[in-house]
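Asks: using only what follows, build the 3D model:
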Amino acid sequence: MSHAGPAVRVGRFLVKFASGKREKGHGLMGAIFNFLFSPYGRVSRQDIWVKFLIPYIGISILALGADLALFGFALVEESGFNGVFGSLTSLFFFWPSIAVPVKRFHDRGMTGWWVLILPAIAIVFLLVVIFGFQGITGGDTAASDLIVGSAVLIAIIPLIYGFVVNYCLAGHKGPNKFGEDPLGTASDFAETFG
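Replies: This next block holds a predicted model:
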């Protein structure tokens, strides 16, 4: 057992992370690329928050600020245009917003197809309700608004389920059919921080 100081232990951890031990790649850039763009393997709950969701929200806020500083509120209000930086952020995060949650479902022992199935359930439900009840209300806008509002609230349920599974529940301990446990084993932790 090593009796190295905290700085040395953190340094060893960063070297392991940069070497791509957990996410197979070549160095830090390879690890980041594999984390964001590969749908294979598993991602821990902490990683999806710290390495994906929080940076995504931060970058989106910065992009919105840059767009508002350069183009002002008028462009966004009049055209509904997302702005140059907002559009580039959305384009960059399109695939990672699918690939990273797929790996998180894998960590829970579930197929990654749930990333597409849950929104599809919500969309189909909304379409059935909106177009199915359109003629029943007889032009009564209050009744129509009530039905559509209720449908939207019900359609959110699969999306909330996906959020809870991906961002709130712990993954399966140990290896599963999708790969090794992203948290590693107790010996990996002791080796790094022990």
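Asks: now do the helix or strand where residue 159 lies: which elements does it pack against?
Replies: Using DSSP states H and E, residue 159 sits in helix 141-167. With contacts defined as 3 or more Cβ pairs under 8 Å, 6 or more residues apart in numbering; DSSP states H and E, helix 141-167 has these neighbours: helix 96-107, helix 114-132. Placement of C-beta: from N, CA and C, glycine included.
Asks: deepest in the core, which of those is it.
Replies: Across the helices and strands packed on helix 141-167, averaging neighbours per residue (mean count of other Cβ atoms under 10 Å) puts helix 96-107 on top, at a mean of 22.
Asks: so what does that helix touch, helix or strand wise?
Replies: helix 27-37, helix 114-132, helix 141-167.
Asks: and the ones you listed as JSON lines, adding distance to residue 93 and mean pLDDT?
Replies: Compiled in JSON lines, the helices and strands packed on helix 96-107 are given as follows (distance: least, Cβ to Cβ, whole Å; pLDDT from 0 to 100):
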{"stretch": "helix 27-37", "distance to residue 93": "8", "mean pLDDT": "88"}
{"stretch": "helix 114-132", "distance to residue 93": "14", "mean pLDDT": "87"}
{"stretch": "helix 141-167", "distance to residue 93": "15", "mean pLDDT": "84"}
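Asks: so which of those helices comes closest to residue 90?
Replies: With Cβ to Cβ as the criterion, residue 90 lies closest to helix 27-37 of the helices and strands packed on helix 96-107, at 14.4 Å.
Asks: which SSE is immediately downstream of that closest one?
Replies: Toward the C-terminus, helix 27-37 is succeeded by helix 45-47 as the next helix or strand (DSSP H and E).
Asks: downstream of that following helix, the next helix or strand is which one?
Replies: Counting by DSSP H and E, the element after helix 45-47 in chain order, helix or strand, is helix 54-79.
Asks: can you pull the contacts of residue 148?
Replies: 129-130 (Cβ atoms under 8 Å, 6 or more residues apart in numbering).
Asks: could you check how far it is from residue 158?
Replies: Distance of residue 148 to residue 158, given as Cβ to Cβ, to the nearest Å: 17 Å.
Asks: coming back round to it: tabulate the helices and strands packed on helix 96-107 in JSON lines, adding columns for distance to residue 104.
Replies: Supplementary listing: those in JSON lines, determined by distance: least, Cβ to Cβ, whole Å:
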{"stretch": "helix 27-37", "distance to residue 104": "11"}
{"stretch": "helix 114-132", "distance to residue 104": "9"}
{"stretch": "helix 141-167", "distance to residue 104": "4"}
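Asks: closest one to residue 100 among those helices?
Replies: helix 27-37 (6.6 Å).
Asks: what residues sit buried inside the closest one?
Replies: 31, 34-36 (16 or more other Cβ atoms under 10 Å).
Asks: re the thing from before, please name whichever of the helices and strands packed on helix 96-107 is nearest to residue 58.
Replies: Taking Cβ to Cβ, helix 27-37 is the member of the helices and strands packed on helix 96-107 nearest to residue 58, at 14.9 Å.
Asks: many thanks, we can stop here.
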